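In: Output the structure for:
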Amino acid sequence: MVEWATLNRSGEFMWPRDAAAKAGQVRRRAVRHERLRGEGSAGTAGTGLEEASSPVTAWFPGQAWRDAAACAAFLSAMMVITVVAGGAPLEAPADVSVADPSARPEWYFLFLFRLLHLEIFAGSRQFIPAMVLPGAAFGFLILMPFLARWKFGHRVNVFAVCAGVAGYGLLTAWTWVHDWRDPGQRAAMVQAKKEATRARTLAVKMDGLPSGGMAAVLAGDAYTQGPRLFAQKCASCHAYDGHNGQGRPLATPASAADLAGFGSRQWLSEFLDPAHLVTPKYWGGTGFVKPSEGEKVSKMVTFVTEDVAGYSAVEKSHLEKVVLALSGEAGLPGQAAVDARDATLIEEGRRLLGEEGLACTDCHAWREETSGRPVLDGWGSRQWMIDFIHDPAHDRFYGTRNDRMPSYGVKGELTPDQIGMIVDWLRGDAP
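Out: So this is what the prediction gives:
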């Protein structure tokens, strides 16, 4: 058979047999291209068919306007979130000297925070979630374009992305739920907000900040340091309104008086009430009520549970005035107005502290006329409390009957400034 030579589309000179083979090759490529397109593969470069099926369009103005609309929508959403959330959080500065259980990373890193705190990664294995797993994830991201060249690799990529997003969401949600269910964590978050509010308040009041910044200011702030020091040094025995001073539950049940409101009329009234004194809120867990072998119950406990319990109406009226007088000795800023209003009753209560009234001076020193302890002059005042915390075993206070309370100042466990900050916080003297 005679074969006639022809010219192909590229202008190449070929015989009909070669042209037929070339056409079959093109058809096979077209079939494979369509199959790959149906599977979502990107490996079709070089066939020349995508240019024919997807006409090229200019980026401007069509795509440019779509990109601008997407950016505007994103910025609008961020503005709404900012307004609803009250702006970026301005928190108290970090204090590296204090363990802060409320510390959390930004929400998009909570998954890694939870990984680091899983029990299986505790101790020496923490390098796995800290370095190995993130490194492996980034390494896989680099390999994904290469894996996508094959059908199986594409499926691996899809599975890995879905599993990663699911794990990310699960770990993030786990952290949120865990924190919400943990009373201690919720209390720590509340305390952190209080400290942040305090930092902003002080920043407004001050005319500029010292060279050490706000951290230096808060280091000497009774409102901030008082509850921290109370939690560290006092909460092993005392509670503050049922918690450790920072809103978290006590590690062990309180075995001494709850000091919230110490020196106030309400606190003193309950302390002198037979129904309250021997409860855990006051002296119920102390050696004054439950003495060790060979010791006797405190005279104060006997006086309240026996003598006060049998008071007549007149004596009860006298006791109320004595409460006003002793609470007035404290000079609490929170009740300065009512103390001024009740000045006459307070003066009468001071008189009733002696032999003319309830004879408190039989056991206590008062106005240097008698001896005894604890001294009632200035009871609950700032200086009285500072001296008491410095050395509760001093003769002015409990002496040899001191029940376990450390002499923080004598032993150097607290500095004078730290004792002052605890006292100012308890009394509400912090400016």
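In: domains of the protein?
Out: Here the domain parsing of the chain from automatic domain parsing is 1-40, 91-219, 263-361.
In: and Thr252, which of those domains is closest to it?
Out: Nearest to Thr252 among the domains of the chain is domain 263-361; the distance by C-beta to C-beta comes to 10.4 Å. The C-beta positions use only the backbone N, C-alpha and C, and glycine is treated the same way.
In: How far off centre is the closest one?
Out: Centre-to-centre, domain 263-361 and its host chain are 37 Å apart (C-alpha atoms, centre = their mean, to the nearest Å).
In: Check the separation of the first and last residues in that domain.
Out: 19 Å (C-alpha to C-alpha, to the nearest Å).
In: give the contact list for the closest residue to Trp379 other than its chain neighbours.
Out: Of all residues not flanking Trp379 in the chain, Glu329 sits nearest, at 4.6 Å (C-beta to C-beta, 6 or more residues apart in numbering). By C-beta atoms under 8 Å, 6 or more residues apart in numbering, the contact set of Glu329 is Leu376, Asp377, Gly378, Trp379, Gly380, Ser381, Trp384.
In: Could you report the pLDDT at the fifth one?
Out: This points to Gly380. The per-residue pLDDT reported for Gly380 equals 95.
In: residues touching it, list them.
Out: Phe262, Gly263, Leu326, Ser327, Glu329, Ala330, Gly331, Leu332.
In: Surely the second one and Pro333 touch.
Out: Spelled out, that is Gly263. No - if you go by C-beta atoms under 8 Å, Gly263 and Pro333 don't touch, sitting 10.9 Å apart.
In: What subset of the contacts of Gly380 is buried?
Out: With burial judged by 16 or more other C-beta atoms under 10 Å, the buried subset of these is Phe262, Gly263, Leu326, Ser327, Glu329, Ala330, Gly331, Leu332.
In: Same list (the residues you listed) but as a markdown table, adding pLDDT, distance to Val156 and secondary structure.
Out: Below are the buried ones among the contacts of Gly380 laid out as a markdown table (pLDDT from 0 to 100; distance: C-beta to C-beta, whole Å; DSSP: H, G, I helix; E, B strand; the rest coil):
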| residue | pLDDT | distance to Val156 | secondary structure |
| --- | --- | --- | --- |
| Phe262 | 96 | 66 | coil |
| Gly263 | 95 | 70 | coil |
| Leu326 | 95 | 78 | helix |
| Ser327 | 96 | 75 | helix |
| Glu329 | 95 | 78 | helix |
| Ala330 | 95 | 73 | helix |
| Gly331 | 94 | 75 | coil |
| Leu332 | 95 | 70 | coil |
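In: For Ala72, state which of those is nearest.
Out: For the buried ones among the contacts of Gly380, the residue nearest Ala72 by C-beta to C-beta is Leu332; the value is 57.2 Å.
In: Just list the residues touching that closest one, thanks.
Out: By C-beta under 8 Å, 6+ apart, Leu332 lies in contact with Gly263, Ser264, Gly380, Arg427, Gly428.
In: just Ala257 next, same as before
Out: Ala257 sits next to His238, Phe271, Lys281, Tyr282, Trp283, Thr286 when contact means C-beta under 8 Å, 6+ apart.
In: and with 10 Å instead?
Out: Residues in contact with Ala257 (C-beta atoms under 10 Å, 6 or more residues apart in numbering) are 237-239, 267, 271, 277, 279-286.
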